[in-house]
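Asker: sequence below, structure please.
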Amino acid sequence: MTDLTPDTADHFLLHISDTHFVGEGLLHGGVDSDKNLRELLDSLSARQQNPEAIIFTGDLADMGEIEAYERLRDMVEPVAAEMGATVIWVMGNHDERGAFRSVLLGGEASSEPVDAVYDINGLRIIALDSTVPGKHHGEITDEQLDWLADVLASPAPHGTLLALHHPPVPSPIAMMKLVDLKDQDRLAKVIEGTDVRGILGGHLHYSTFTDFAGVPVSVASATCYSQDLAMAQPGARGMDGGQSHNLVHVYGDKVMHSIVPLGDFATLYEMQADQMEAFLAMTPEQREAAMSGAAQN
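Answerer: Residues are numbered from 1 along each chain as shown. Coordinates of the predicted model:
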């Protein structure tokens, strides 16, 4: 019988971005950010997959309101605890450092950058605050770069993932030039030649992939609303559709990112585990006949 045991990853993580919780009401008058994230979290139980960490790459609250952070915390932390997952919160340009620290991190309110290092069973995850208070573009200060260089001077057993809100990527949406990460070459010089295996970002409200300083970059779309990439430029359109999050599987020699769309969709075919076992027990000829019959139905 053919062995269909899933490939075992060294690490499994969830990458979620741009929840944009509001203090009350609907985001932009039409999007229920709470409902979207609740559906995502509810789906985790059905998958029977327990990530080691859940990484939120910024813009957690749309206006930095304490009540928005409280609802987000109360929604996420019980689910993470049940799965045994570490929650990693990353600052975004819509977030407010004082409320972010006090509610999500349980610390004292402060205007200092929210940078942190997490050891996830040998995999190092660095949360880097790329925000500029009162602005929507991203910057990383000299002090932060020095701190990052010191952390990366010692390799982690399974390497490092860098998580920040403003991803160092180009964009087909012209407006993003106004709110992108500035002086990216300075960050590149710190990352080059280190054990950084991947960069996780958000901010764009659509999924995309590229490389930066020789390191793969993965941007997760938003759970609140997404950007319409078919818009004529310059132009922008936020749409209530296309929301998703990413699964991150870390193997010995590679990091894999998989997009999972948010929502319920019509089933075209389905094969449960016992049905798959019966299918694999067939002869090759019987399998071909079964697949041909399914294709005609």
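
Asker: Tyr69 belongs to a helix?
Answerer: Yes - under DSSP: H, G, I helix; E, B strand; the rest coil, Tyr69 sits within a helix.

Asker: for it, give me the pLDDT.
Answerer: If you check Tyr69, the pLDDT there is 98.

Asker: ok, now Ser43?
Answerer: 91.

Asker: state the helix or strand in which it lies.
Answerer: Assigned by DSSP states H and E, Ser43 falls within helix 33-47.

Asker: what is the subsequent helix or strand relative to that helix?
Answerer: Next helix or strand after helix 33-47 toward the C-terminus (DSSP H and E): strand 53-57.

Asker: coming back round to it: what packs against the helix holding Ser43?
Answerer: On a contact count with 3 or more Cβ pairs under 8 Å, 6 or more residues apart in numbering; DSSP states H and E, helix 33-47 meets strand 11-16, helix 66-83. For the C-beta atoms, the positions are set from N, CA and C on the backbone; glycine is no exception.

Asker: now that helix: buried residues?
Answerer: By neighbour count on 16 or more other Cβ atoms under 10 Å, the buried set for helix 33-47 is Ser33, Asp34, Asn36, Leu37, Leu40, Leu41, Leu44.

Asker: same question, stretch 132-141
Answerer: In stretch 132-141, counting by 16+ other Cβ under 10 Å, buried: Val132, His137, Gly138, Glu139, Ile140.

Asker: now render the helices and strands packed on helix 33-47 as TSV, adding distance to His158 and mean neighbour count.
Answerer: Converted to TSV, the helices and strands packed on helix 33-47 look like this (distance: least, Cβ to Cβ, whole Å; neighbours: other Cβ atoms under 10 Å):
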stretch	distance to His158	mean neighbour count
strand 11-16	7	23
helix 66-83	20	17
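
Asker: per-residue pLDDT, the residue nearest to His166 when sequence neighbours are not counted?
Answerer: Nearest residue to His166, sequence neighbours excluded (Cβ to Cβ, 6 or more residues apart in numbering): Gly138, at 2.9 Å. The score at Gly138 is 98. That number is its pLDDT.

Asker: next one: phi and psi at Gly138?
Answerer: The phi/psi pair for Gly138 (degrees, to the nearest 10) reads phi -120, psi 150.

Asker: hang on, it packs against Leu178?
Answerer: No - counting by Cβ atoms under 8 Å, Gly138 does not reach Leu178; the two are 11.3 Å apart.

Asker: on that earlier part again, and the helices and strands packed on helix 33-47: which comes nearest His245?
Answerer: strand 11-16 (4.6 Å; Cβ to Cβ).

Asker: which strands or helices does that closest one pack on?
Answerer: Partner elements for strand 11-16 (3+ Cβ pairs under 8 Å, 6+ apart): helix 33-47, strand 53-57, strand 244-250.

Asker: strands of the stretch 101-250 of the chain, residue ranges please.
Answerer: Taking DSSP state E, counting those that start in this stretch as the test, the strands found in the stretch 101-250 of the chain are 116-120, 123-128, 160-164, 196-201, 208-212, 215-219, 226-227, 238-239, 244-250.

Asker: reformat these as JSON lines; add mean neighbour count, mean pLDDT and distance to Thr19.
Answerer: JSON lines is the format used below for the strands of the stretch 101-250 of the chain (neighbours: other Cβ atoms under 10 Å; pLDDT from 0 to 100; distance: least, Cβ to Cβ, whole Å):
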{"stretch": "strand 116-120", "mean neighbour count": "15", "mean pLDDT": "98", "distance to Thr19": "19"}
{"stretch": "strand 123-128", "mean neighbour count": "23", "mean pLDDT": "98", "distance to Thr19": "16"}
{"stretch": "strand 160-164", "mean neighbour count": "26", "mean pLDDT": "98", "distance to Thr19": "15"}
{"stretch": "strand 196-201", "mean neighbour count": "24", "mean pLDDT": "98", "distance to Thr19": "15"}
{"stretch": "strand 208-212", "mean neighbour count": "15", "mean pLDDT": "98", "distance to Thr19": "19"}
{"stretch": "strand 215-219", "mean neighbour count": "21", "mean pLDDT": "98", "distance to Thr19": "15"}
{"stretch": "strand 226-227", "mean neighbour count": "22", "mean pLDDT": "98", "distance to Thr19": "13"}
{"stretch": "strand 238-239", "mean neighbour count": "15", "mean pLDDT": "96", "distance to Thr19": "15"}
{"stretch": "strand 244-250", "mean neighbour count": "21", "mean pLDDT": "98", "distance to Thr19": "10"}
